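> Please work out how this folds:
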Amino acid sequence: LGRAKVRRRALVTGAAGFIGSHLVDKLMAMDYEVFAMDNFQSGVKHHLMQWMGFENFHLIVHDVVDPVRLEVDEIYHLAAPSNPILYQENPVGTLKTSTRGTTNILGVAKRTNAKVLLASAADVYGDSRTNPKTEDDWGFVNTLGIRSCYEEGKRVAETLMYAYHTQNDVEVRVARIFNTYGPRMRLDDGRLMSSIIRQAMSNEPITVHGDGSQTRSFMYVSDLVEGLVKLMASNYSQPVNLGHETPVSINSLVKKIQDITGSASRLDYSRPLIADLISRTPSTDLAERELDWRATVSLEDGLRSTIEYYRN
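Below is the predicted model:
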């Protein structure tokens, strides 16, 4: 009899979410044994249905705030309510996920000698005025603001990662993720890209907060997943920005989406959001040097794929 195939075992937390489900797809294609964990607060089971019944796929309905007991080789820790509507409704729960949840995941890594990657966020930079953002920017943050439960949660999660690395020799990776979009986004999540697409496809007035001159950058989800896998496989342990370097104004983004959808929506300019940023774009020089990675999908191509997904 031949020997049973030994696969590398990966735990993905937040696996039924927008990014997590695409990462699961990638790991399954790489023939990992995948443990997909989600509490389905915002994740969607349908995103994972194509893997049900595969011997190397295991769905675990669990909240990372509660103790986690698994034996794995790698952990991609994506669990977090990144939806602004959800995390502002439940700031305490958001902080618990980032603190207690990350501590629980790091406990698994310590016990099983697993490598762990934290999906951090560009929000750790706060309202830093420097652009593009580089990893040595310590940020300019507000501990009492409307977004603080998410921003400070990500900052303390990063601190926990390096505390476990220093004290317990846990092998860690930290990805600071900038705006990401693509198929499986929730169009009702209150984020900029999804809101504009939803309104344009419905021919509703498109809400633009402020004068629309604010700039952001937008990374297609396949680029992000490639970056996460490369970071996990690398020997680099310090934080790394993952994002698209090309800035685009909100007005320009709206025009591109209108052109692709054929939308007749008018623009409805309103007051700027509280704590809205004038600009936030990453420098990805470090990722290119250490990971041989750079976002390559153009905004036009990514928008066409995303809008086609929702049309179908």
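> any idea where the strands of the stretch 101-250 of the chain begin and end?
115-121, 172-177, 180-181, 206-209, 215-216, 219-220, 240-242, 248-249 (DSSP state E, counting those that start in this stretch).
> so can I have TSV of those strands showing mean pLDDT, mean neighbour count and distance to residue 33?
Backbone N, C-alpha and C define where each C-beta goes, glycine included. Shown next, in TSV, are the strands of the stretch 101-250 of the chain (pLDDT from 0 to 100; neighbours: other C-beta atoms under 10 Å; distance: least, C-beta to C-beta, whole Å):
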stretch	mean pLDDT	mean neighbour count	distance to residue 33
strand 115-121	98	24	15
strand 172-177	98	24	20
strand 180-181	96	24	26
strand 206-209	93	18	44
strand 215-216	92	19	37
strand 219-220	98	24	27
strand 240-242	98	26	25
strand 248-249	96	16	39
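> Compare the ones you listed and report which one is nearest to residue 35.
Among the strands of the stretch 101-250 of the chain, the nearest to residue 35 by C-beta to C-beta is strand 115-121 (13.4 Å).
> which residues are in contact with the closest one?
Contact with strand 115-121 is made by 14, 19, 73-78, 80, 82, 102, 105-106, 108-109, 150-151, 154, 157-158, 161, 170-177, 228, 231-232, 239, as judged by C-beta atoms under 8 Å, 6 or more residues apart in numbering.
> circling back: figure out which of the strands of the stretch 101-250 of the chain is closest to residue 64.
Nearest to residue 64, of those and by C-beta to C-beta, is strand 115-121 at 12.0 Å.
> Just send the strands of the stretch 101-250 of the chain back as JSON lines, with distance to residue 300 too.
Listed next are these as JSON lines, based on distance: least, C-beta to C-beta, whole Å:
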{"stretch": "strand 115-121", "distance to residue 300": "25"}
{"stretch": "strand 172-177", "distance to residue 300": "22"}
{"stretch": "strand 180-181", "distance to residue 300": "13"}
{"stretch": "strand 206-209", "distance to residue 300": "18"}
{"stretch": "strand 215-216", "distance to residue 300": "16"}
{"stretch": "strand 219-220", "distance to residue 300": "11"}
{"stretch": "strand 240-242", "distance to residue 300": "21"}
{"stretch": "strand 248-249", "distance to residue 300": "11"}
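> just so I know, which of those lies nearest residue 286?
Nearest of the strands of the stretch 101-250 of the chain to residue 286, taken as C-beta to C-beta: strand 240-242 at 5.7 Å.
> for the nearest residue to residue 43 once chain neighbours are set aside, what are its contacts?
Nearest non-adjacent residue to residue 43, counting by C-beta to C-beta, 6 or more residues apart in numbering: residue 16, 2.9 Å away. Going by C-beta under 8 Å, 6+ apart, residue 16 touches 36, 38, 40, 43-45, 47-48.
> Just the element for residue 16, please.
Following DSSP states H and E, there is no helix or strand that holds residue 16.
> ok, it to residue 93 distance?
17 Å (C-beta to C-beta, to the nearest Å).
> Repeat that for residue 12.
Taking C-beta to C-beta, one finds residue 12 at 20 Å from residue 93.
> Could you check which of those two is surrounded by more residues?
residue 12 (32 against 17; other C-beta atoms under 10 Å).
> So the more buried one belongs to a strand, correct?
Yes. Looking at residue 12 with DSSP: H, G, I helix; E, B strand; the rest coil, it is inside a strand.
> ranges for the helices of this protein?
18-29, 84-89, 91-96, 102-112, 148-168, 192-201, 221-233, 250-261, 285-291, 299-311 (DSSP state H).
> In PDB, list the C-alpha atoms belonging to the helix or strand of the chain with the lowest mean pLDDT.
Least confident helix or strand of the chain, by mean pLDDT, DSSP states H and E, is helix 84-89 with a mean of 80. The C-alpha trace of helix 84-89 is given here as PDB (Å, rounded to 0.1, in the frame of the first residue of the first chain):
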ATOM      1  CA  PRO A  84     -17.900  49.800   9.300                       C
ATOM      2  CA  ILE A  85     -21.600  49.400  10.000                       C
ATOM      3  CA  LEU A  86     -21.000  46.200  12.000                       C
ATOM      4  CA  TYR A  87     -18.000  47.400  14.000                       C
ATOM      5  CA  GLN A  88     -19.500  50.700  14.900                       C
ATOM      6  CA  GLU A  89     -22.600  48.900  16.100                       C
END
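> Return the list of helices and strands in contact with it.
helix 148-168 (3 or more C-beta pairs under 8 Å, 6 or more residues apart in numbering; DSSP states H and E).
> Between strand 172-177 and the helix it packs on, find me the angle.
Here helix 148-168 runs at an angle of 160 degrees relative to strand 172-177 (axes from the mean of the first three to the mean of the last three C-alpha atoms, to 10 degrees).
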